[in-house]
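In: would you be able to build a 3D model of this:
(4 chains)
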2 protein chains.
Amino acid sequence: MSTPTTPSTDVAEPRRRRKPGTKPRLSRQGIIEAAFAVSERDGAQALTFQAIGAQLGAHPTAIYRYFRDKDELLLALLDAIHAEALAGAPEPTDDWAADLAELGRRTYAAFLRHPQVAQFAGARTARRENEFRKVDRVVGCMRTAGFEDADAARYYRVFSDLILAHAALDASLAALDPATRAADLRSWDVEYRTLPADLFPDLAAVADHLPRVDDPGNFELAMELMLDALRMRAAAARSRRRPDDGRKRT
Amino acid sequence: MSTPTTPSTDVAEPRRRRKPGTKPRLSRQGIIEAAFAVSERDGAQALTFQAIGAQLGAHPTAIYRYFRDKDELLLALLDAIHAEALAGAPEPTDDWAADLAELGRRTYAAFLRHPQVAQFAGARTARRENEFRKVDRVVGCMRTAGFEDADAARYYRVFSDLILAHAALDASLAALDPATRAADLRSWDVEYRTLPADLFPDLAAVADHLPRVDDPGNFELAMELMLDALRMRAAAARSRRRPDDGRKRT
DNA sequence: ACCTGAACACCGTTCAAGT
DNA sequence: ACCTGAACACCGTTCAAGT
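Out: Okay, here's the model as predicted:
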């Protein structure tokens, strides 16, 4: 218990040694909470030091004492989103595909709860405690599926990327200022449904069936398809390991 | 030939009627090309009116005569990226899955040729000529696959979202300023490979096999898995239509 | 030690002014 | 008609100054 749980030193809370007589009003955790509060309340480009400072009742530049720059704050917020996704997630079971779906859904939901943050976070690596835990969980599911290590690593990456890419994409749409977002959505109800059939015959044929771009069912279907494909490959991997048990054709 | 090829009026080039004696130095197309030139040359936050103006040898605000605001320029750039993806794309064949893969690869490549633009464009709807054409092509592949209209529309959306989401995600990473990007990449070679195995056992087991986050093979594998799943569903859809031809079990 | 104020180098956007 | 210049309300970040 003498060693910290998080091994990377640059993410530890306050390496500042507290002197008696100093009572800090701010904290990393307080700033993180203020940032989420602001990002949910305000639209458009909500995540500014000015807004976070106002939310804290402090000067915007006071934040620099706790985060080196805005990017470090962003990575902390990303890790907090991972924590939110993991909080209350059920323990792993034998049904690795269902476990992956559960983790995927929770991650997607956590991202969409904070679209202003999430739109910039999908491609980033938080390299912090909760992200480590999430990676470990997803890799665990792939190993439970029966993939050998190299494949478990590959399929971990491709599954996580699917979740993060979709979550960031849908968060980007949700984070648009309302007028811009409405105009984008409207184009699928107007322009895309009134295109001339002679120029765009296939589009015209299915125009009445186009799902909304902001339908969460799009993400669900994407994950379902990927899990279908992974189940096939997992079955193949297991039958390769124990040929007596697998039923392969050709 | 009297009607314009693009049916939506708000995207038409210059609805300004030219008076004699006026010789515009700028144009929509010229601004678009300058924007791409700037976005490829400069890193970080390259896509500013100041930089585009400098590239054109014109005042930054001169652009406002050709694009209402930065968002309209972004949508024009997105459509230009779609045009790039379609340029030289082979005609549709009977092998709809290979056609989809080809379109996906070209779209991904076009996005990654312009990461500074692409990082903001994935979730947007350009609602312009080349996007219409692309949607029509992908829907066409789904109909060739044998999906009925509602399913063709659903699978069009989920396939396009996969491509756009991955392309935007990888573009976001590529668009980071070099130091930030390097730090993110390095964390997969350092932090993630030195985590304590007792706390993260599954991660530790596969740590040596983790693919790089910027490996384009991640996108390829994601698309491959989705096409696997779509092939299965297409076979099922066809056997539902012509039960004599399909070989279903159960 | 902790926070504030002022300053700097940027942004997008508007609008009056030049030609 | 087309472009420029000045101005406005913002950004993130640095640094000296307050307490």
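In: now chain A, which segments are flagged as low pLDDT?
Out: Scanning chain A for pLDDT under 70 picks out A:1-22, A:44-45, A:243-250.
In: 80 - rerun?
Out: A:1-23, A:43-45, A:242-250 (pLDDT under 80).
In: helices along that one, start to end?
Out: Listed in chain order, the helices of chain A (DSSP state H) span A:28-41, A:49-56, A:70-86, A:96-113, A:115-121, A:129-144, A:149-175, A:178-189, A:201-206, A:216-241.
In: how much space between residue A:141 and residue A:135?
Out: 11 Å (CB to CB, to the nearest Å). C-beta coordinates here come from the backbone N, C-alpha and C atoms, glycine included.
In: ok, residue A:189 - contacts?
Out: Contact partners of residue A:189, counting by CB atoms under 8 Å, 6 or more residues apart in numbering or on different chains, are absent.
In: roughly how far apart are it and residue B:134?
Out: 19 Å.
In: now residue A:239
Out: As for residue A:239, its distance to residue B:134 is 39 Å (criterion: CB to CB).
In: these two: which has the busier surroundings?
Out: A count of neighbours by other CB atoms under 10 Å in any protein chain shown puts residue B:134 above the other of residue A:239 and residue B:134, at 23 against 15.
In: buried sites along stretch A:148-166?
Out: A:149, A:151-166 (16 or more other CB atoms under 10 Å in any protein chain shown).
In: repeat for stretch A:82-90
Out: Buried-residue list, stretch A:82-90, by 16+ other CB under 10 Å: A:82-86, A:89.
In: next one: stretch A:164-177
Out: A:164-176.
In: then stretch A:30-37?
Out: In terms of neighbour count (16+ other CB under 10 Å), stretch A:30-37 has its buried residues at A:31-32, A:34-36.
In: for these, which one is nearest DNA strand D?
Out: residue A:35 (10.4 Å; CB to the nearest atom of the strand).
In: contact partners for the closest one?
Out: With contact set as CB under 8 Å, 6+ apart, residue A:35 has these partners: A:47, A:52, A:55, A:73, A:77, A:117.
In: ditto for residue A:237
Out: Contacts of residue A:237 by CB under 8 Å, 6+ apart are A:145-148, A:151.
In: again, only this time at 10 Å
Out: A:145-148, A:151-152, A:155, A:230, A:246 (CB atoms under 10 Å, 6 or more residues apart in numbering or on different chains).
In: what's the answer for residue A:153, then?
Out: Counted by CB under 10 Å, 6+ apart, residue A:153 has contacts A:139, A:142-143, A:147, B:203, B:205-211.
In: now with 8 Å?
Out: Residue A:153 sits next to A:139, A:142, B:206, B:209-211 when contact means CB under 8 Å, 6+ apart.
In: adding neighbour count, write those residues out as a markdown table.
Out: As requested, the contacts of residue A:153 are exported to a markdown table (neighbours: other CB atoms under 10 Å in any protein chain shown):
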| residue | neighbour count |
| --- | --- |
| A:139 | 29 |
| A:142 | 26 |
| B:206 | 23 |
| B:209 | 16 |
| B:210 | 20 |
| B:211 | 17 |
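In: what parts of chain A come near DNA strand D?
Out: Proximity of chain A to DNA strand D, by CB under 7 Å from any atom of the strand, involves residues A:45, A:47-51, A:60-61, A:64, A:69-71.
In: quick one: which of these is most hemmed in?
Out: residue A:47 (22 neighbours).
In: now do that one against chain B, distance only.
Out: Distance of residue A:47 to chain B, computed by CB to the nearest CB, to the nearest Å: 15 Å.
In: tell me the spacing between that residue and residue A:116.
Out: 5 Å.
In: verify the stated contact: residue A:76 with residue A:32.
Out: Yes. Between residue A:76 and residue A:32 there is a contact under CB atoms under 8 Å: 5.8 Å.
In: just give the number of residues close to residue A:235.
Out: 15.
In: repeat that for the one 5 residues further on.
Out: Residue crowding around residue A:240 was assessed by other CB under 10 Å; the count is 12.
In: and it, how far is that from residue A:233?
Out: Taking CB to CB, one finds residue A:240 at 10 Å from residue A:233.
In: repeat for residue A:181
Out: Taken as CB to CB, the span from residue A:181 to residue A:233 is 37 Å.
In: who's more crowded, these two?
Out: Taking neighbours as other CB under 10 Å, residue A:181 and residue A:233 compare with residue A:181 leading, 19 against 16.
In: what's the closest non-adjacent residue to that one?
Out: Leaving aside its chain neighbours, residue A:181 sits nearest to residue A:173 (6.4 Å; criterion: CB to CB, 6 or more residues apart in numbering or on different chains).
In: so who does the one you found touch?
Out: A:181, A:184, A:213-214, B:123-124.
In: if we can go back for a sec, please list which of the buried residues of stretch A:148-166 are also close to DNA strand C.
Out: Okay, of those, nothing touches DNA strand C (CB under 7 Å from any atom of the strand).
In: could the contacts of residue A:35 go into a markdown table alongside distance to residue B:40?
Out: Listed next are the contacts of residue A:35 as a markdown table, based on distance: CB to CB, whole Å:
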| residue | distance to residue B:40 |
| --- | --- |
| A:47 | 28 |
| A:52 | 34 |
| A:55 | 38 |
| A:73 | 29 |
| A:77 | 30 |
| A:117 | 28 |
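In: now list the buried members of those residues.
Out: So, by 16+ other CB under 10 Å, the buried ones in those are A:47, A:52, A:55, A:73, A:77, A:117.
In: you'd agree the fifth one is up against residue A:33?
Out: No. Using CB under 8 Å as the test, residue A:77 is too far from residue A:33 to be in contact (10.2 Å).
In: before we move on, back to that, check the contacts of residue A:237 one by one and keep those near chain B.
Out: Among the contacts of residue A:237, proximity to chain B is found for A:152, A:230 (CB under 8 Å from any CB of the partner chain).
In: from the contacts of residue A:237, pick the one nearest residue B:103.
Out: The nearest member of the contacts of residue A:237 to residue B:103, counting by CB to CB, is residue A:230 at 23.5 Å.
In: tell me the one of the buried ones among the contacts of residue A:35 nearest DNA strand D?
Out: Distances from DNA strand D to those, taken by CB to the nearest atom of the strand, are shortest for residue A:47, at 6.3 Å.
In: surely that closest one and residue A:117 touch.
Out: Yes. If you go by CB under 8 Å, residue A:47 and residue A:117 touch, sitting 6.5 Å apart.
In: residues shared between the contacts of the two?
Out: A:35, A:39.
In: how deep is residue A:230 tucked in, by neighbour count?
Out: Quick note: residue A:230 (other CB under 10 Å) scores 24 neighbours.
In: what does stretch A:55-72 contact?
Out: Applying CB under 8 Å, 6+ apart, the set of residues contacting stretch A:55-72 is A:14, A:25-28, A:30-31, A:34-35, A:37-38, A:48-50, A:52-54, A:73, A:76, B:180.
In: about what we covered before: would you reformat the contacts of residue A:237 as JSON lines and include distance to residue A:219?
Out: Listed next are the contacts of residue A:237 as JSON lines, based on distance: CB to CB, whole Å:
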{"residue": "A:145", "distance to residue A:219": "21"}
{"residue": "A:146", "distance to residue A:219": "26"}
{"residue": "A:147", "distance to residue A:219": "24"}
{"residue": "A:148", "distance to residue A:219": "29"}
{"residue": "A:151", "distance to residue A:219": "24"}
{"residue": "A:152", "distance to residue A:219": "23"}
{"residue": "A:155", "distance to residue A:219": "19"}
{"residue": "A:230", "distance to residue A:219": "16"}
{"residue": "A:246", "distance to residue A:219": "32"}
